[in-house]
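output the structure for:
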Amino acid sequence: MTALLPRALRGLLRGGGRLIDTPVRSVLRLDEQALLAAARRRARLSDFGAPAVEEPLARLLESLRNEAQLNLMGRLAARQDLTRMLVNRLYLERDRQQNPGIAAQEIRRPLFIAGLPRSGSTLLYNLLAQDPANRVPLNWETMYPSPPPERATHETDARIALTDRQIGWFQWLQPEFRKIHPVAARLPEECVVILSHTFLSFQFSSMYFVPSYQSWMERQDLRPAYEFHRRFLQHLQWRCGAERWVLKAPPHLPALEALFTVYPDAGLILTHRDPLEVVASVASLHAVLRRTFSNAVDPTAVGPEVSAMLAGDIARGMDALDRGCAPPEKVLDVWYTDLLRDPIGTVRRIYAHFDLPLRREVEARMRRFPRENLQDKDGRHEYSLEEFGLDAETERDRYRFYCDRFSLQSVEQTGT
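The predicted structure follows:
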């Protein structure tokens with residue numbers, strides 16, 4: 001009976017919540033005013049800072065209520081995560097007002113990794129993180145940024161254990177996710193987690209079915225979100241800096257205009273991979289995440305939704321580059337096949353392009369990383385185009401403009 005308890009509890013949490021009484025249901029309301037009030041009570045603060053949270057939060061919550069078909073676990077997770085982000089906003093604003101040194105921090109020549117998801121960007125991110133000169137936001141820092149991290153306690157901060165416990169709970173609820181993407185408190189985290197604090201983030205569409213919110217997001221000026229992103233980096237850097245920031249998120253691609261407006265001296269590394277190898281993998285990621293929070297996930301609907309989203313991201317990113325959002329010398333293209341065949345050679349090319357020194361001992365650390373962090377150690381991530389309602393010929397046509405531009409030969413792939 002004890003061995004069956006976790007499965008039974010998972011079933012209850014993923015159920016429709018029919019056994020939950022009315023008072024508890026009221027606590028689970030996904031209402032913007034209720035969440036804002038809960039965050040203010042918890043933090044005993046009232047200033048969320050800029051940008052304003054009310055409209056994007058309301059748009060997201062409306063989509064969660066009306067479209068996401070959340071189960072009990074989904075409602076619990078959404079309410080808890082969104083409240084945590086609001087509390088973080090209150091603390092960040094308080095810290096900034098109390099410590100003028102935070103706003104004085106300069107963010108110089110950051111390097112951003114963007115491009116298609118599942119195109120080697122995580123491997124590249126982790127390789128670059130082996131260089132002590134490169135500052136990356138760690139998972140625990142993006143989950144619990146206040147108070148600002150300190151160099152002396154950066155490896156022993158109590159928030160590390162707290163974050164690992166929360167990750168452990170999620171992996172217990174959704175064990176399939178560990179096959180797809182490594183997550184741990186001390187690992188580098190993507191910028192979508194930082195941007196989620198503005199409620200102007202593409203992260204929410206990967207976790208929940210929120211098409212109205214996604215459509216609204218794609219029409220927004222994202223400069224306020226990236227201005228917040230800069231303030232977040234200033235916060236993390238204040239007492240724990242390095243020579244430069246290295247940052248990563250595939251959704252930077254459709255936001256390049258805003259990114260380079262806020263970070264005009266940034267460098268951009270664009271990772272490229274055959275889209276037919278990417279789209280089913282990303283659809284699988286979305287389906288796995290959404291199944292944790294909803295009992296109504298149809299893989300054959302997720303596939304076309306994800307593919308249209310990715311193609312739109314590419315088109316907006318290429319349009320921004322063609323309109324000159326960044327000088328060509330600030331952008332470097334990296335191909336997935338080259339990265340896998342010669343990761344250190346790829347890193348050397350990046351450092352040379354952006355005129356950065358690569359020390360011998362740092363290169364040695366980078367060489368050790370793949371050996372000590374084997375791919376597929378938690379099991380192989382299996383997927384196919386067909387299970388997500390995707391036709392190979394249709395997808396080739398959809399992405400032909402991208403494949404032709406970057407000389408990518410489309411071939412169907414069934415696992416990575």
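
all contacts plus neighbour counts: C-alpha atoms, from now on.
Noted.

what about the stretch 1-150 of the chain, any weak spots by pLDDT?
By pLDDT under 70, the low-scoring segments of the stretch 1-150 of the chain are 1-27.

cutoff 80 now
Within the stretch 1-150 of the chain, the stretches falling below the threshold (pLDDT under 80) are 1-28.

all helices in it, in order from the N-terminus.
In order along the chain, the stretch 1-150 of the chain carries the following helices (DSSP state H, counting those that start in this stretch): 5-14, 22-27, 32-43, 54-66, 72-98, 100-103, 121-128, 139-143.

need phi/psi at the residue sitting nearest the centre point of the chain.
Taking CA atoms, centre = their mean, the centroid of the chain lies closest to Val192, which sits 3.7 Å from it. With angles defined as degrees, to the nearest 10, Val192 sits at phi -60, psi -30.

and the gap between it and Ser206?
From Val192 over to Ser206 the distance is 11 Å, taken as CA to CA, to the nearest Å.

confirm that Val334 sits in a strand.
Yes. Counting by DSSP: H, G, I helix; E, B strand; the rest coil, one finds Val334 located in a strand.

what about the closest residue in space to it that isn't next to it in sequence, is that helix, strand or coil?
Distances taken as CA to CA, 6 or more residues apart in numbering put Thr271 closest to Val334, at 4.8 Å, once the chain neighbours are dropped. Of the three states, Thr271 takes strand under three-state DSSP.

just checking, Thr271 touches Leu339?
No. With contact defined as CA atoms under 8 Å, Thr271 does not count as touching Leu339 (9.2 Å).

those two: who's more crowded?
Residue environment comparison for Thr271 versus Leu339 gives the larger neighbour count to Thr271, 22 against 19, counting by other CA atoms under 10 Å.

which residues are in contact with the more buried one?
Thr271 sits next to Ile113, Ala114, Gly115, Leu116, Ser119, Gly120, Ser121, Asp333, Val334, Trp335, Tyr336 when contact means CA atoms under 8 Å, 6 or more residues apart in numbering.

again with Ala242
Ala242 is in contact with Pro132, Ala133, Asn134, Arg135, counting by CA under 8 Å, 6+ apart.

my guess is the last one meets Val246, correct?
Yes. Assessed by CA under 8 Å, Arg135 is found in contact with Val246 at 6.0 Å.

any chance you could map the strands in this structure?
Assigned strands in the chain, in chain order: 111-115, 134-135, 244-248, 267-272, 331-335 (criterion: DSSP state E).

listing partners with orientation, what would you give for the first one?
Neighbouring strands of strand 111-115 in its sheet, by DSSP bridges, are strand 244-248 (parallel), strand 267-272 (parallel).

ok and it relative to helix 121-128, angle-wise?
Orientation note: strand 111-115 sits at an angle of 160 degrees relative to helix 121-128 (axes from the mean of the first three to the mean of the last three CA atoms, to 10 degrees).

how far does strand 111-115 sit from its chain's centre?
Mean-position distance between strand 111-115 and its chain equals 12 Å (CA atoms, centre = their mean, to the nearest Å).

go on, the longest one?
Between the centre of strand 267-272 and the centre of its host chain there is 16 Å, according to CA atoms, centre = their mean.

next: stretch 79-94.
What separates the centre of stretch 79-94 from the centre of its chain is 17 Å, taken as CA atoms, centre = their mean.

go on, stretch 171-186?
Remark: stretch 171-186 is offset 14 Å from the chain centroid, using CA atoms, centre = their mean.
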